[in-house]
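Asker: no sequence on this one, just coordinates:
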């Protein structure tokens, strides 16, 4: 199966320097959705997958994006590109890909700005294109009945319901505009006929472009079979041309994703207030409060509870863990039964074992913390290895950066660190050690001993300085004094 994705449009209504097909929907560029769907097609139906992307506006940006996909998934290396230097319509765009098409295979045409067409819908469309008894490969169209078909080309049928033509809205009269069955643009074409059809296209239309849809009337004249199918869900055929359309499709997709989570047993406080911008995998009895955002690849274990307005990116959270409100977790591993937040931040490289507590306004970066350890208040743990049953007092920080290099702090099991302590890395705190509050540790602390580096407390006689009077205050004070001297004394009765 030849697969061509038309992705040359500028998207003027987006008013963006970014090509339209690179605008993001639920955290991924529109074009990525189309490519992922293409590669999910059954090889038995479509053969080897070698998609051709027709580039135009912002071609270099799209090429860079495709190169980035190759680094993540090698299967994308089979994607090739052709350039449509001038955007003269969909027929002209497909003409640019013609030299790369295998004439022995049918050609599936997709659009880089129609992101949510399912693989099952496309597989059905491909199946309908199979040759008939006479060996004629059918031209198959993906159509859809819309309550409001405004903006779409209409499917014109005969009395016997056979398709005769596709008429674009700008070229349609009132009778054709009343038709509710629309052309999605997605179609399977018989490649042997395609070369002649594309070269025969004319620009005699309202937009002065080479319409790919004109090949339908050519197929009718050639007596080739024309078949159609419809998507199961309307959103599968919705294209994106403007910011408001993108926002509307975003809302639709988030609603679909939220409902899928609930069908899988996830409890959502409000399905209209969750954002999934990647892949979210949930075990049983997960609870997610309002305003949470999940980005990249996130997995939540059984019984996990996520409080309101948390952000979780590319992280895993273990069974029974509880994440309290306004916590930010980025590229971290949270163990079973951990307690995080509120207002906690776990940065990349954080690995927490079971039953670790990271409290309010605590930040952890590139550190491992073993089971049953706690940092409950206002602390920073960076580039550290923390053992089991460690208590990190409020206001403790690891001073891991000397201005040039990062250094590591090692805190062994059963250590107690008092409040307002600074550990100047590289430094090691031995097993069972206690660091007194206010300690600045610059050398290793021996195990099972109290280490303290506190300045000796002194009490000194002290007179609190008085604020200097302003000029105005001095003038007022003098007037009051003068009034007291001149005031007449009261006579005794």
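Answerer: Received, thanks. Just so it is clear, the model here is predicted, and its values are computed rather than measured.

Asker: And residue 385, what's its pLDDT?
Answerer: Per-residue pLDDT puts residue 385 at 98.

Asker: which residues does it contact?
Answerer: 367-368, 408-411 (C-beta atoms under 8 Å, 6 or more residues apart in numbering). Glycine gets a C-beta too; all of them are placed from N, C-alpha and C.

Asker: so residue 411 sits right up against residue 386, yeah?
Answerer: Yes. Residue 411 lies in contact with residue 386 (C-beta atoms under 8 Å); the separation is 4.7 Å.

Asker: Can you work out which residues contact both of those two?
Answerer: Counting by C-beta under 8 Å, 6+ apart, the residues touching both residue 411 and residue 386 are residue 392.

Asker: ranking the contacts of residue 385 by neighbours, who comes first?
Answerer: When neighbours are counted by other C-beta atoms under 10 Å, residue 411 leads those with 28 neighbours.

Asker: ok, what's across the strand from that residue?
Answerer: residue 386, residue 429 (DSSP bridges).

Asker: Roughly how far does it sit from residue 442?
Answerer: Distance of residue 411 to residue 442, computed by C-beta to C-beta, to the nearest Å: 15 Å.

Asker: quick one: the helices in the stretch 201-350 of the chain?
Answerer: 215-221, 243-263 (DSSP state H, counting those that start in this stretch).

Asker: List of residues touching the shortest one?
Answerer: Applying C-beta under 8 Å, 6+ apart, the contact partners of helix 215-221 are 91, 139, 141, 163-166, 189-190, 193-194, 197-198, 200-201, 226.

Asker: Show me how to select, in PyMOL, the buried members of those.
Answerer: Here is the PyMOL command that selects the buried residues among these (16 or more other C-beta atoms under 10 Å):
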select buried, resi 91+139+141+163+165+166+189+190+193+194+197+198+201+226
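
Asker: For residue 27, give me its contacts.
Answerer: Residue 27 is in contact with 276-278, 295-296, counting by C-beta under 8 Å, 6+ apart.

Asker: Quick one, which of these are buried?
Answerer: 276-277, 295.

Asker: So which of those residues sit within strands?
Answerer: 276-277, 295 (DSSP state E).

Asker: Among the contacts of residue 27, find me the one that's closest to residue 121.
Answerer: Distance to residue 121, by C-beta to C-beta, is smallest for residue 276 among the contacts of residue 27, at 21.7 Å.

Asker: does the closest one have beta-bridge partners, and which?
Answerer: residue 294.

Asker: And it, how far from residue 168?
Answerer: In terms of C-beta to C-beta, residue 276 sits 36 Å off from residue 168.

Asker: One more: residue 34?
Answerer: 22 Å.

Asker: go on, residue 220?
Answerer: Distance from residue 220 to residue 168, by C-beta to C-beta: 17 Å.

Asker: quick one: which of the two has more around it?
Answerer: For residue 220 versus residue 168, neighbours defined as other C-beta under 10 Å are more numerous around residue 168 (19 against 16).

Asker: got the phi/psi numbers for that one?
Answerer: Phi and psi for residue 168, reported as degrees, to the nearest 10, are phi -70, psi 150.

Asker: Give me the pLDDT value at it.
Answerer: Reported pLDDT for residue 168: 90.

Asker: Pretty sure it sits against residue 212.
Answerer: No. In this structure, residue 168 is not within contact of residue 212 by C-beta under 8 Å, at 10.6 Å.

Asker: show me what contacts residue 234?
Answerer: Counted by C-beta under 8 Å, 6+ apart, residue 234 has contacts 144, 146.

Asker: Quick one: neighbours of residue 212, just the number.
Answerer: 25.

Asker: Tell me how many other residues surround the closest residue to residue 273 other than its chain neighbours.
Answerer: In space, and not counting its chain neighbours, residue 273 is closest to residue 290: 4.3 Å by C-beta to C-beta, 6 or more residues apart in numbering. Neighbour count of residue 290, defined by other C-beta under 10 Å: 15.

Asker: For the protein, give me the ranges with low pLDDT.
Answerer: 42-47, 132-136, 474, 479-493 (pLDDT under 70).

Asker: what residues go with each domain of it?
Answerer: 2-237, 243-451 (automatic domain parsing).

Asker: Which of the ones you listed sits closest to residue 472?
Answerer: Nearest of these (C-beta to C-beta): domain 243-451, 42.6 Å.
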